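> show me how the following folds:
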Amino acid sequence: MTITRRSFVALSLCASAQSLLAQQEGGIASRGVKAQAKPAPSGRPFNAQFTDVAKDAGLHAPVIYGGIDQKKYIVEANGCGCAFIDYDNDGWMDIFLLSGTRLEGAPPEATNRLYKNNRDGTFTDVTEKAGLKAVGWANGVCVGDYDNDGFDDIFCTYFGQNRLFKNNGNGTFMDVTKEAGLLQPGPARWGAGCAFVDYNRDGHLDLFVSNYIRFSFEHAPVPGEKSTCNWKGIPVNCGPRGLPTGRHILYRNNGDGTFTDVSKQAGIDVAIESYGMTVVAADFDEDGWPDIFVACDSTPSLLFMNNHDGTFREEGVTRGVALSDDGMEQAGMGVGIGDYNLDGHLDLFKTHFIDDTSGFYRNDGKGNFDEVTRAARIGVETRFTSWGAGIVDLDNDGNPDVLFVTGSVYPEVEKKLPQYPYKTRRVLFRNLGNGTFEELESQGGEGISAAHSSRGCAFGDFDNDGDMDVLIVNMNEPPSLLRNDLKVKQNWLKVKLEGVKSNRSAIGARVIARFAGKSQAQALVSQSSYYSCNDPRLHFGLGPASEADLEIYWPSGLHESYPKVAGNRLVTILEGKGLVPNRGWNR
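Now for the predicted structure:
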């Protein structure tokens, strides 16, 4: 019998429905997938070594988030994201960390935090001075210059009221949520992922917000109360299954500092039966218009394709990114975006719950995806509940690697089932350059092997030394800042984009670097990983190549080429003008 694409979709949806019914015992999807057998080690050395320097760097305050030994409600369990942001335009990445609170009241440490980079490996907490002190159940962060004034602004999602912080350009921020038209009337929503995206290509950054579940403390079930409030026979916090889904929102930027909810007319509100989490907006079908991917927990993930007329069509299932390769929904949480196989197209990596593999999706360049989890040998790992992730060249060899952070949502389980610890290690897959990856258990250094219950992570070069470091949110602990120290130096190139006709942040741009016979695509996005935002300077490891040819596809539709750009430096490219001096960069 011949299985057509349409019949396969129908079969997948049927299997997904059956899976949902079969797995009601646990709130989050835990599919019981058997790990793929690990191949023999390659024996190749890995040059990147990660050391947690957070304490020496001055990142001392814990990220408060719910109870420590028990999570009564799911709002305490999911945690939050973080961001690398150059808020003062000095050419050095500063750090922004979200925070939650506690059911019994907020301790003094419970606030979002902004750390200024002192350019010597240390940071100074400038939260109060910057006007960013805020208490609540924060979840996601996205960064972008929504008013095109040359300074990046910050949008934060919350269980409750989301917040937009305008960068005043003098080291301070102002909460302009009300003035921008982003106040949410009615019952509290659970804002989850977010992304600045110029969906209509008018040069102004619009805003997409995913919502997780409809939740209230007054009506929420407690551990053990329902079948969805148990995991492996142990009472745990309830959800998301058994709780009503959220509704996603698209806000159009009016160009005057305000936004209008256009979810209905844009076709976004048709996708209501989903538990939305991390959002990634990029041009997946390479037609010049940004599309929107939403990782969803315990429901099929969503892919909104841009119709070029202010509307979207949701095609996650038909394009191959909504379900696993066997047609099942998964606990989609974090998303990495990059070009793992160097074919010039943007692929996706999605993290999931324990006893399941993460999902790897290869893009054919037209926005159709094939799941290659097992073909890429990512299926060897199923031990962890996984969150923030990135497809990033960590050793500058020209082949993007995969790193993701992990941690359980059930601190009470470990006492009865020690094989399911609350704190777990980070996971590193080295790209072997042939379409497959190798999990490195010990070669990445103590920063990889250390156990925490982590959530969001952001990738960036905080010390401007030409390699990628990692900022990680740890639940009820200080964050981790993994400094990358390369044992063998290889060449690299960083690209900073500034829009003119496009939005000033150039969010939505796609860059292809060609070097040594390879072609690597990257996209400038305002959110990926898990509720987090990476360094906006696109980083290309070049291996032995000393230069690269660059192609830039700007959000405005402009296509530019820059041949033979020398490596081992940052280049700043102004749309339509070419290379311009860097702001504040020095090494």
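
> next helix or strand past the least confident helix or strand in the chain by mean pLDDT?
The weakest-scoring helix or strand in the chain, judged by mean pLDDT, DSSP states H and E, is helix 5-22 (a mean of 40). The helix or strand immediately downstream of helix 5-22 is strand 48-52, counting by DSSP states H and E.

> tell me which strands and helices that next one is in contact with?
If contacts are counted by 3 or more C-beta pairs under 8 Å, 6 or more residues apart in numbering; DSSP states H and E, strand 48-52 sits against helix 446-449, strand 480-486. C-beta here means a position set from N, CA and C on the backbone, and glycine is covered the same way.

> out of these, which is the most enclosed?
Of all the helices and strands packed on strand 48-52, strand 480-486 carries the top mean neighbour count, a mean of 23, counting by mean count of other C-beta atoms under 10 Å.

> avg pLDDT for that strand?
Here strand 480-486 scores 98 as its mean pLDDT.

> contact partners of it?
The contact list for strand 480-486 (C-beta atoms under 8 Å, 6 or more residues apart in numbering) reads 47-54, 57, 59, 95, 121, 394-396, 447-448, 450, 452, 454, 462-463, 467-472, 474.

> looking at the helices and strands packed on strand 48-52, which is nearest to residue 293?
Set against residue 293 and scored by C-beta to C-beta, those come closest in strand 480-486, at 26.1 Å.

> got the angle for that closest one vs strand 48-52?
For strand 480-486 against strand 48-52, the angle by axes from the mean of the first three to the mean of the last three C-alpha atoms, to 10 degrees is 150 degrees.

> dump strand 480-486 to PDB, keeping only the CA atoms.
Extracted in PDB, the C-alpha atoms of strand 480-486 (Å, rounded to 0.1, in the frame of the first residue of the first chain):
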ATOM      1  CA  SER A 480      25.700  29.200  35.800                       C
ATOM      2  CA  LEU A 481      28.000  31.100  33.400                       C
ATOM      3  CA  LEU A 482      30.000  28.600  31.400                       C
ATOM      4  CA  ARG A 483      33.100  30.200  30.100                       C
ATOM      5  CA  ASN A 484      34.400  28.400  27.000                       C
ATOM      6  CA  ASP A 485      38.100  27.900  26.800                       C
ATOM      7  CA  LEU A 486      39.400  26.300  23.500                       C
END
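
> and whichever helix or strand comes after that strand, which strands flank it?
As assigned by DSSP H and E, the chain's next helix or strand after strand 480-486 is strand 491-498. Looking at strand 491-498 with DSSP bridges, its partner strands are strand 538-543 (antiparallel), strand 570-574 (parallel).

> what mean pLDDT would you report for strand 491-498?
For strand 491-498, the mean pLDDT works out to 98.

> touching that strand from outside, list them.
Contacts to strand 491-498, defined as C-beta under 8 Å, 6+ apart, come from residues 393, 396, 461, 466-467, 504, 506, 509, 511, 513, 524, 536-546, 548, 550, 552, 554, 565, 567-575, 580, 582.

> repeat that for 6 Å
Strand 491-498 has contacts (C-beta atoms under 6 Å, 6 or more residues apart in numbering) with 396, 466, 506, 509, 511, 537-542, 545-546, 548, 567-568, 570-574.

> which residues of the stretch 101-250 of the chain fall in helices?
For the stretch 101-250 of the chain, applying DSSP state H, counting those that start in this stretch gives helices covering 127-130.

> give me the low-pLDDT residue ranges for it?
Within the stretch 101-250 of the chain, no stretch has pLDDT under 70.

> hmm, residue 267 and residue 311 touching each other?
Yes - with contact defined as C-beta atoms under 6 Å, residue 311 reaches residue 267; the gap is 4.7 Å.

> now do the helices in the stretch 251-400 of the chain.
Under DSSP H, counting those that start in this stretch, the stretch 251-400 of the chain gives helices at 263-266.

> which residues in it form strands?
259-261, 276-282, 291-296, 302-306, 312-314, 335-338, 347-350, 359-363, 369-371, 386-392 (DSSP state E, counting those that start in this stretch).

> tell me how many other residues surround residue 261.
By the measure other C-beta atoms under 10 Å, the count of residues near residue 261 is 18.

> ugh, wrong one, residue 217
Residues near residue 217, counting by other C-beta under 10 Å, number 11.

> distance of the nearest residue to it once chain neighbours are set aside from residue 240?
What sits nearest to residue 217 in space, not counting adjacent residues and going by C-beta to C-beta, 6 or more residues apart in numbering, is residue 73, at 6.9 Å. According to C-beta to C-beta, to the nearest Å, residue 73 and residue 240 sit 12 Å apart.

> neighbour count: these two, which is higher?
More crowded of residue 73 and residue 240, by other C-beta under 10 Å: residue 240, with 26 against 20.

> one step back: pLDDT score for the residue nearest to residue 217?
Confidence score, pLDDT, at residue 73: 97.

> ditto for the one 3 residues further on
pLDDT, the model's per-residue confidence, is 98 for residue 76.

> got a list of what it touches?
Per C-beta under 6 Å, 6+ apart, neighbours of residue 76: 66-67.

> cool, and the one 10 residues further on?
Contact partners of residue 86, counting by C-beta under 6 Å, 6+ apart, are residue 93.

> repeat that for 7 Å
Neighbouring residues of residue 86 by C-beta atoms under 7 Å, 6 or more residues apart in numbering: 92-94.

> next one: it relative to residue 304, how far apart?
For residue 86, the distance to residue 304 - C-beta to C-beta - is 29 Å.

> check residue 456 too.
In this view, residue 456 and residue 304 are 23 Å apart by C-beta to C-beta.

> those two: which is more packed in?
With neighbours defined as other C-beta under 10 Å, residue 456 and residue 304 compare such that residue 456 has more, 31 against 27.

> correct me, but the more buried one touches residue 473?
Yes - counting by C-beta atoms under 7 Å, residue 456 touches residue 473, with 4.4 Å between them.

> which neighbours do the two share?
Both residue 456 and residue 473 are contacted by 79-82, under the criterion C-beta under 7 Å, 6+ apart.

> who wins for most neighbours among the residues you listed?
Busiest of the shared contacts of residue 456 and residue 473 [other C-beta under 10 Å] is residue 81, holding 34 neighbours.
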